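A.B. asks: Build me a model from this:
(one chain, ligands or ions: 4)
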Amino acid sequence: SKEQGRNTYSFFTKQMNEMILRRLEIEEQLYGALERNEFEVYYQPKINLKDRKVMGAEALLRWHNPLVGQVAPDEFIPIAEHTGLIEPIGKYVLAQALAFLNEWSQAHRQDYTMAVNLSPRQFRDQGFVEFVKECLGSCDVTPERLEFEITEGVLMIGQSCVDEVLSALNALGVKLSMDDFGTGYSSLSYLRQYNFDLLKVDRSFVSGITANQEDRDLVTATIAMAHSLHLDVVAEGVETGEQLKLLNELGCDVAQGYYFSKPIPALEMKAFKLKERFE
Ligand code: C2E
Ligand code: CA
Ligand code: CA
Ligand code: CA
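C.D. replies: Ligands and ions are numbered 1, 2, ... in the order given. Here you go, the predicted model:
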């Protein structure tokens, strides 16, 4: 009926209004977030399956804002990207992560590695490569201990600056990691075109490997392909011992996921130890 139609209509407008208002509020709050010191970099350990030790971590950004409450990176990173705020925020993450890497490594007398996510907009930031160089210098970190995780979305946009920035990063000696491998259509051609060092198998495949033969076959093939291209394979989103055992049997090099630890604040990462029972 007409009445019903009107109710449905106002229901959707109300929901849409709320969504738009929240999006606007997030954007507004995001502008002052760096100055108000609302960001915190969390770390998730990466485990080398060859020696079963922590080899490094991935830096993952968290935002604490009293007005908008908890906002996940999947929600605020795209807005930061859209507004260009990702440029200063990305630099902040890098500086924090490298300073922590130095502190953490010294405390444990280990040469840990640090992975930092890059989004497309950061490739347009003229001073980015220079900033990377400065940060490495001031944090006393050798370039090969820094990895940039890049999804195929970064490469797909076809920005002319991408080639330039990736070659400059290669020349610096930092590592490049293909993130979320298997979720896009063109990852393979990008692996051929650019000089990647690592490949991260997407969580959606890892979660299927113990139950689903097709996922297992895909991961097996991905590992073989990566190794033939001299890439190390990182499995993300490892949640169970069963998954871990299988990945190990398939020759995966590095694992990361809730099975070992969720992303945690710097202080916790510094004190983090692997569970004894890890086989
Ligand atoms: P990503 O780079 O694919 O990061 C992996 C995501 O999976 C993280 O979500 C992590 O917390 C989550 N995760 C790790 N292990 C497990 C697991 O065992 N099970 C499950 N269910 N999830 C797991 P998070 O921290 O919410 O980040 C989401 C996305 O936001 C990241 O995806 C990345 O694309 C982006 N992001 C986060 N921090 C940054 C940053 O500093 N810069 C940029 N450009 N993007 C970032
Ligand atoms: Ca990542
Ligand atoms: Ca990923
Ligand atoms: Ca992802």
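A.B. asks: residues from this protein in reach of ligand 1?
C.D. replies: Taking C-beta under 6 Å from any ligand atom as the test, the list of the chain residues beside ligand 1 reads 44, 59-61, 72-74, 77, 90, 93, 117-119, 149, 179-180, 203, 236-239, 257-258, 263. (C-beta placed from N, C-alpha, C; glycine too.)
A.B. asks: Kindly recompute the last result at 5 Å.
C.D. replies: 60-61, 73-74, 77, 93, 117, 119, 237, 239, 257-258, 263 (C-beta under 5 Å from any ligand atom).
A.B. asks: and these as JSON lines, adding distance to ligand 2 and pLDDT?
C.D. replies: Compiled in JSON lines, the residues of the chain next to ligand 1 are given as follows (distance: C-beta to the ion, whole Å; pLDDT from 0 to 100):
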{"residue": "60", "distance to ligand 2": "8", "pLDDT": "98"}
{"residue": "61", "distance to ligand 2": "11", "pLDDT": "98"}
{"residue": "73", "distance to ligand 2": "10", "pLDDT": "97"}
{"residue": "74", "distance to ligand 2": "12", "pLDDT": "95"}
{"residue": "77", "distance to ligand 2": "11", "pLDDT": "96"}
{"residue": "93", "distance to ligand 2": "12", "pLDDT": "98"}
{"residue": "117", "distance to ligand 2": "5", "pLDDT": "97"}
{"residue": "119", "distance to ligand 2": "10", "pLDDT": "91"}
{"residue": "237", "distance to ligand 2": "11", "pLDDT": "97"}
{"residue": "239", "distance to ligand 2": "16", "pLDDT": "97"}
{"residue": "257", "distance to ligand 2": "12", "pLDDT": "98"}
{"residue": "258", "distance to ligand 2": "15", "pLDDT": "97"}
{"residue": "263", "distance to ligand 2": "11", "pLDDT": "98"}
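A.B. asks: quick one, what contacts residue 251?
C.D. replies: Counting by C-beta atoms under 8 Å, 6 or more residues apart in numbering, residue 251 makes contact with 223, 227, 233.
A.B. asks: just the buried members of those residues?
C.D. replies: Buried residues within these, defined by neighbour count using 16 or more other C-beta atoms under 10 Å: 223, 233.
A.B. asks: Return the subset of the contacts of residue 251 lying in helices.
C.D. replies: Among the contacts of residue 251, the members falling in helices (DSSP state H) are 223, 227.
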